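Chemist: Only the shape, not the letters, is given here:
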């Protein structure tokens, strides 16, 4: 049905997932750090985080990817010349993962910031009044409540991230998108292969949505939800 | 850093910027236009009403925009039946295909954002509105939607900026937007760093304008929730 | 504290990079290929790249006794990627032109075919600048055809695509009125396939060296003169010992090297 390209597409799909998961880890770490920096009293941290989120959010993934890939490589080339290393190249997988993780860290910063803001301020005050340290207040009280508010935009962003991995095809990674493009161009039946790739992405997203729905259920324990 | 090459390419970047802005605004406008009524339907108690909307957002959010764009532009054009139909003069144009793909995409995401914001309106407010005898329509207009619009500002701000960046994909279907101009400069002068850096700076400028707008909106409408410095 | 951070950073960098020992004697060569230009290069059902360019590359590597790896790259980013050291040689039907020689070095040609315009069968289009005024002509970005069409058909609307296959798709759907590309690529990749049955060549063969160069060669970074010499010798070798002709016969029933021209 897929004219023999099925196995190739599946291999590409595996790579897509790998890139997405690794990027997620990097992005989540950067997101929490960034949100806390943005909400902190330290003006330097606030500005640094603001610059980070503004620059990353201000540039398309496509353009960012090329900049990091070519620019980063040129930088490494220059360093290699200066230090007399043998030619060093950045592995496309690492380049892609770092780029996407870095990009989405900025979006996660905004999400976690909004989520922190949505937790009633009194919760933190009460926690501190009880004698908890700011770190304890964050981990035990504010954090879990913040996650509930973050889950909806997070699911949006995770979905966007899986699909953004498609751009790694532009730096030579044979992911799902690249393989669909190749197959479509060889057979001149692009519709079939893009539809097939789309179906596979849909499978990933379905699994993700189920996961997020379960998470939402868990974190909404104790909160009344009324249908309009 | 070859500034001369950048200077030579500035006119194409300028016209590219206009294309980018036009694509973004058109996509957002059409997306929101359809998302408003659809998001209300999305939250309808009846499964037959909410179901199809859910399926729409599910499929659109579940597939990459690039795939959707290619399917509309290259995929549809592959079939003779489409080419002979009344829709062809529209579908023939790359601009129309791009705006259609972007609008459909942002519509789906906006529906989910609005729907989430509407559900986040505190249960107590809904019950109070009902207790006061408001019909669903009145309740939506006076209680739910105003609260939902405020709540969705941070997330929708994200979405607007996503859409601006997403328009970069238009360059893959022959449209000469900012990224298209960068690609041209790269292929003429073999200077990828300069080409994409210029593009990045231009996108950044436009984005900062938008971010400033949304921050102003947040300050105005989300005052109760701003961080206190205590 | 400082030292621990430096150590972590160093470890990260080490993990992120793979040192490729660049042997000056070139027994490991990375080759940039396109994979979207049948019959010269395309991706097969097994995900592997195949085609005339690939087979020639493999034959050259065998002659050089070098281990070659293929890296797929879109054509309009081919030269920048070469300069950024993503690979060491480009075997992607890239024509040898003066313009390109300013940025890269070329070996001798390994084939030479002309360029032609393609349009719908029975079209009334006249392939001159005046005849194509206001018409839409599609080309692949950054190719010799792109340059030629941009300079020659000034009154036409030039539409540029990242891949040649996209040019054919839009030609087929009528979004562009004509396209220019390599004659062989058009023939084998489009005209002889069901999708291209309503299309034909129009106009003459174009081979003005100013635009179309002196044949397709292997592009290499300017400093790597020893690699150029080695590849040139390898090309001579495979033409002399019949390997080239054997590969050529698999794809073409005519002389693609262009001995007469």
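Modeler: Good, I have the coordinates. Everything numeric in this text was worked out from a predicted model, so none of it was measured. Numbering: from 1, shown residues only, chains lettered A, B, ... in the order given.
Chemist: Which elements pack onto the longest helix anywhere in chain A?
Modeler: Secondary structure of chain A per DSSP state H: the longest helix is helix A:6-39. Under the contact definition 3 or more Cβ pairs under 8 Å, 6 or more residues apart in numbering or on different chains; DSSP states H and E, helix A:6-39 sits against helix A:43-58, helix A:92-118, helix A:143-164, helix A:176-187, helix A:190-219. Just so you know, the C-beta spots here come from the backbone N, C-alpha and C atoms, and that holds for glycine as well.
Chemist: so how far is that helix from its chain's centroid?
Modeler: Using Cα atoms, centre = their mean, to the nearest Å, the mean C-alpha position of helix A:6-39 is found 5 Å from that of the whole chain.
Chemist: averaged over its residues, what pLDDT does that helix have?
Modeler: Averaged across helix A:6-39, pLDDT comes to 89.
Chemist: And stretch A:60-79, by the same measure?
Modeler: Mean predicted confidence for stretch A:60-79 is 79.
Chemist: Likewise for stretch C:207-227?
Modeler: 88.
Chemist: Which stretches in the stretch 1-150 of chain C count as strands?
Modeler: Secondary structure of the stretch 1-150 of chain C (DSSP state E, counting those that start in this stretch): strands at C:17-19, C:28-33, C:36-37, C:41-43, C:49-50, C:67-72, C:89-95, C:105-111, C:115-120, C:136-140.
Chemist: With mean neighbour count as extra columns, can I get those strands in a markdown table?
Modeler: Listed next are those as a markdown table, based on neighbours: other Cβ atoms under 10 Å in any protein chain shown:
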| stretch | mean neighbour count |
| --- | --- |
| strand C:17-19 | 13 |
| strand C:28-33 | 21 |
| strand C:36-37 | 26 |
| strand C:41-43 | 25 |
| strand C:49-50 | 18 |
| strand C:67-72 | 16 |
| strand C:89-95 | 26 |
| strand C:105-111 | 20 |
| strand C:115-120 | 22 |
| strand C:136-140 | 25 |
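Chemist: contacting residues for residue A:151?
Modeler: Counting by Cβ atoms under 8 Å, 6 or more residues apart in numbering or on different chains, residue A:151 makes contact with A:212, A:215-216, A:219.
Chemist: now residue B:17
Modeler: Neighbouring residues of residue B:17 by Cβ under 8 Å, 6+ apart: B:177-178, B:202, B:206.
Chemist: Just after the longest helix along chain B, pick out the following helix or strand.
Modeler: Ranked by residue count under DSSP H, the longest helix found in chain B is helix B:3-42. Per DSSP states H and E, helix B:3-42 leads on to helix B:47-62 as the next helix or strand towards the C-terminus.
Chemist: Do I have it right that residue B:161 meets residue B:207?
Modeler: Yes. With contact defined as Cβ atoms under 8 Å, residue B:161 reaches residue B:207; the gap is 5.9 Å.
Chemist: Give the full set of residues in contact with the residue nearest to residue B:75 when sequence neighbours are not counted.
Modeler: Distances taken as Cβ to Cβ, 6 or more residues apart in numbering or on different chains place residue A:191 nearest to residue B:75, at 3.7 Å, with adjacent residues excluded. Contacts for residue A:191 (Cβ under 8 Å, 6+ apart) come out as A:184, B:71, B:74-76, B:78-79.
Chemist: Can I have the buried ones of the residues you listed as a PyMOL selection?
Modeler: Selection of buried members from the contacts of residue A:191 for PyMOL, criterion 16 or more other Cβ atoms under 10 Å in any protein chain shown:
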select buried, (chain A and resi 184) or (chain B and resi 71+74+75+76+78)
